[in-house]
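Trainee: show me the folded form of this:
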Amino acid sequence: MWLFGDTFVGPNRRAARFVHNSVALQEDSDPTTARLSMRYGGPPDDPQPFFGADSGWLWPMAGTLTPAGVVVFLMRVRSARPDLPTVIDAWKAAGSLEFFEVFDWTAALVRGVEGPPSTWHVEMLYTPPAVNRVIPGAGVVTHGEHLYAYGWRDGHELRPGRIRRRPRYRGFRRPRLAFLLRWPLSVIEHGLHDPEWWCGSGWSTDAAAATAVVEDPATEFTVHHEPSRQTFVLVEAISWLPLVDEIPALRALRVLKRHPLTSRLLARARLLRASMSRREATALQGPWSRPERLVTPRVASDVLVYAGKAHPQLQGPGLVCTYATIARTADRALDDESLYYPRFVVLPDDPSQPLLG
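Mentor: Next comes the predicted model:
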């Protein structure tokens, strides 16, 4: 099952219907020959999001198969410019990707995934409100008797502007952190009540005691287990700044790649590039290794690489991974249909081996 966020449904993007999420069923494990069956909500002549929202919209994060069905974690998102009629208008007004705000999370249980998408049954699960601005679902793993979810918390947040009172993102000096939550598999179909948080030395339902397990992660990544090596592997697409990321004494300068203005300037100068990267750990809570760059896609300076993920269930000569690309501006994304699709890359199963393609 593929999970997509914003989806253009139509002959071209300018004339398309714009739905905030969709899903697809891949019919074979070989991505070079497999077919996709797309699925939206609503009738064919009036496509709607597959996962509906009572306010704002939902963007899928990660999902995992459990005995109850597939659990999909979703961000609750709203426009940073509610005074404008559409999301595209907000994107154009912002002139960048700062046109939205992630304000909460939820999750859905998809039953009947053994059959075609038309027979799937979607049930929204109970989820508690976000605690300390942690949004669970960046990476999700079923392991042992539990469902585990990594939740990210950004250092920056949307705040009222100081002069014109229009919202602006502030707080970029604080790093993004990822926390780890879990639920027994036996309770999933009744809702994601009372998560346990990793607290450094054990698990607790007290979110205030939680400790971060990954520093400076992407907002989307995957974690999978490699039994032959008894290792967990985290794959993501993250931005790298020469010297700053390699030299510990300079890591405080990583704020430069998080701030919208400086990140755009660094990208134009070709100093800031996103790479598919890998971390490893012997336990889901870590400690995780420093990210290792594996491949850096070549894209234009106004294009972002994001959503780096591994797909160990797919067939290939190594570890099959994908990343996505998006333009910073709405008009470029609407007119350049080479963007906004998953791109495949095969990484070696053994990190000591060279990149396969």
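Trainee: what's the separation between Pro195 and Tyr148?
Mentor: According to CB to CB, to the nearest Å, Pro195 and Tyr148 sit 10 Å apart. Yep, even glycine has a C-beta here, placed from its N, CA and C like the rest.
Trainee: which residues touch whichever strand or helix holds Leu265?
Mentor: Here Leu265 is covered by helix 260-268, with elements defined by DSSP states H and E. Identification of contacts with helix 260-268 by CB atoms under 8 Å, 6 or more residues apart in numbering yields 96, 98, 169, 239, 241, 256-257, 272-273, 301-302, 328.
Trainee: do stretch 189-205 as well
Mentor: Residues contacting stretch 189-205 (CB under 8 Å, 6+ apart): 68-69, 107, 109, 125-128, 136, 149, 179-183, 187, 206-207, 209-211, 213, 285.
Trainee: mean confidence score for it?
Mentor: Average pLDDT, stretch 189-205: 96.
Trainee: what's the end-to-end length of that stretch?
Mentor: From its first residue to its last, stretch 189-205 covers 19 Å (CA to CA, to the nearest Å).
Trainee: all further residue positions should be reported with the first residue as 55.
Mentor: Sounds good: first residue 55 from here, last item stretch 243-259.
Trainee: and the residue nearest the centre of this structure?
Mentor: Glu274 (2.5 Å; CA atoms, centre = their mean).
Trainee: what pLDDT does the closest residue to that residue other than its chain neighbours get?
Mentor: Excluding the flanking residues, the one nearest Glu274 by CB to CB, 6 or more residues apart in numbering is Ala361, at 4.8 Å. For Ala361, the pLDDT comes out at 94.
Trainee: and the contacts of the helix or strand that contains Ala361?
Mentor: Assigned by DSSP H and E, Ala361 belongs to strand 357-364. Residues from elsewhere that reach strand 357-364, judged by CB under 8 Å, 6+ apart: 151, 272-276, 278, 287, 289-292, 328-331, 351, 353, 373-382, 386, 393, 396, 401.
Trainee: tell me what angle that strand forms with helix 314-322.
Mentor: Interaxial angle of strand 357-364 relative to helix 314-322 (axes from the mean of the first three to the mean of the last three CA atoms, to 10 degrees): 90 degrees.
Trainee: partners of strand 357-364 in the sheet?
Mentor: strand 373-381 (antiparallel) (DSSP bridges).
Trainee: quick one: the strands in the stretch 55-204 of the chain?
Mentor: Listed in chain order, the strands of the stretch 55-204 of the chain (DSSP state E, counting those that start in this stretch) span residues 56-58, 61-63, 71-73, 76-80, 90-93, 111-120, 123-133, 154-165, 175-179, 189-197, 200-207.
Trainee: what's the answer for the stretch 205-354 of the chain, then?
Mentor: Using DSSP E, counting those that start in this stretch, strands in the stretch 205-354 of the chain cover 211-213, 222-224, 231-238, 250-252, 257-258, 268-269, 275-280, 285-294, 327-335, 346-349.
Trainee: can you give me the angle the third one makes with strand 285-294?
Mentor: When you say that, I think you mean strand 231-238. Using the same axes, to 10 degrees: strand 231-238 against strand 285-294 is 150 degrees.
Trainee: buried set for strand 231-238?
Mentor: 231-237 (16 or more other CB atoms under 10 Å).
Trainee: before we move on, back to that, correct me, but the residue nearest to the centre of the chain touches Glu290?
Mentor: Yes. With contact defined as CB atoms under 8 Å, Glu274 reaches Glu290; the gap is 7.3 Å.
Trainee: thinking again about what came up before, residues shared between the contacts of Pro249 and Tyr202?
Mentor: 235-236.
Trainee: need the buried residues of strand 231-238 in a markdown table (columns: pLDDT and distance to Arg130).
Mentor: Formatted as a markdown table, those follow (pLDDT from 0 to 100; distance: CB to CB, whole Å):
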| residue | pLDDT | distance to Arg130 |
| --- | --- | --- |
| Leu231 | 91 | 20 |
| Ala232 | 95 | 19 |
| Phe233 | 97 | 18 |
| Leu234 | 98 | 21 |
| Leu235 | 98 | 17 |
| Arg236 | 98 | 21 |
| Trp237 | 98 | 19 |
